[in-house]
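*Asks:* Using only what follows, build the 3D model:
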Amino acid sequence: CAMLAARGLFVVRFDNRDCGLSTKLDGATVDVDEVIRAALMEEPVPSVPYTLREMAADAVALLDHLGVARAHVLGASMGGMIAQHVAIDPPGRTASLISVMSQPGDPTVGQPTPEAAAALLTPPPPDREGYIAHSTTWQICQSLRYRSDELSRRNAARDCDRSFYPEGGPRQRAAIYASGNRDEGLSALSVPTLVIHGLDDT
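*Replies:* Got it, this is the predicted structure:
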């Protein structure tokens, strides 16, 4: 972000709802396992506290607040899915789309390996030291060449000290699986688009 700003770009970075320093939906419950099961079986998905489309509307509302009519939109992982929604609707707000280590909501592609799913879906320990120690298990999704226990622990400590809120994770995962397939909307895009995905990302 600092490098982009140094090149004269106005960089907007924010926390999505239910994480970081953004709004938390304390007490909102969801059966994330049932949502995932229904989505993968292509059955009607149970009600969820919010969807990716609503999270994309948060991003657009922030652009409105800042007076930004059109933006280059970049998102990673769930953020990539939100960025895809921003590019699809409303039209005309996205100058370009960059989707990083993400997927289009199609249950037949981009799903994690069983090992990666287990690492991503296992709740982290509720204490700071346990959370930091547990962070190395997430390396299953990272580069074989550049992964580092020291880096994982340092990032986990930084994130934990800024905002430790594991309750948001299940609601965000439910939003991902409840939001459906974006293939049709993405195929209709006419904005410059870049997809970045590492070969080691499981």
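*Asks:* Only C-alpha atoms from now on, for both contacts and neighbour counts.
*Replies:* OK.
*Asks:* Show me which residues of the one helix or strand in the chain whose mean pLDDT sits lowest are buried.
*Replies:* Least confident helix or strand, the chain: helix 114-121 with a mean of 88, by mean pLDDT, DSSP states H and E. By 16 or more other CA atoms under 10 Å, the buried positions in helix 114-121 come out as 116, 119-120.
*Asks:* same question, stretch 130-143
*Replies:* Applying 16+ other CA under 10 Å to stretch 130-143 flags 131-137, 139-141 as buried.
*Asks:* ok, now stretch 149-159?
*Replies:* For stretch 149-159, a neighbour-count test (16+ other CA under 10 Å) marks 152-153, 156-157 as buried.
*Asks:* got it, and stretch 161-171?
*Replies:* The neighbour-count check on stretch 161-171 (16+ other CA under 10 Å) flags 164-165, 167-171 as buried.
*Asks:* Look up how far Arg145 lies from the residue most central in space within the chain.
*Replies:* In the chain, the C-alpha nearest the mean C-alpha coordinate belongs to Met78, at 1.6 Å (CA atoms, centre = their mean). Distance, Met78 to Arg145, by CA to CA, to the nearest Å: 24 Å.
*Asks:* Same question for Arg153.
*Replies:* Distance, Arg153 to Arg145, using CA to CA: 17 Å.
*Asks:* Now do the one helix or strand Asp161 maps to: which elements does it pack against?
*Replies:* Secondary structure assigned from DSSP states H and E places Asp161 in helix 149-162. Counting by 3 or more CA pairs under 8 Å, 6 or more residues apart in numbering; DSSP states H and E, the packing neighbours recorded for helix 149-162 are helix 128-134.
*Asks:* list the helices and strands the helix it packs on packs on?
*Replies:* Counting contacts by 3+ CA pairs under 8 Å, 6+ apart, helix 128-134 packs against helix 149-162.
*Asks:* What lies in contact with the helix it packs on?
*Replies:* Residues outside helix 149-162 that contact it (CA atoms under 8 Å, 6 or more residues apart in numbering): 20-21, 128, 131-133, 135-136, 139.
*Asks:* And the helices in the chain?
*Replies:* 2-6, 32-40, 52-66, 78-88, 114-121, 128-134, 149-162, 168-178, 183-187 (DSSP state H).
*Asks:* Compare the mean pLDDT across these and name the weakest.
*Replies:* The minimum mean pLDDT among the helices of the chain belongs to helix 114-121 (a mean of 88).
*Asks:* Can you dump the C-alpha atoms of that helix in PDB for me?
*Replies:* Extracted in PDB, the C-alpha atoms of helix 114-121 (Å, rounded to 0.1, in the frame of the first residue of the first chain):
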ATOM      1  CA  PRO A 114      -9.300 -31.400   2.700                       C
ATOM      2  CA  GLU A 115      -6.000 -30.500   4.600                       C
ATOM      3  CA  ALA A 116      -6.400 -26.800   3.800                       C
ATOM      4  CA  ALA A 117     -10.100 -26.800   4.700                       C
ATOM      5  CA  ALA A 118      -9.300 -28.400   8.100                       C
ATOM      6  CA  ALA A 119      -6.600 -25.700   8.800                       C
ATOM      7  CA  LEU A 120      -9.000 -22.900   7.700                       C
ATOM      8  CA  LEU A 121     -12.100 -24.200   9.500                       C
END
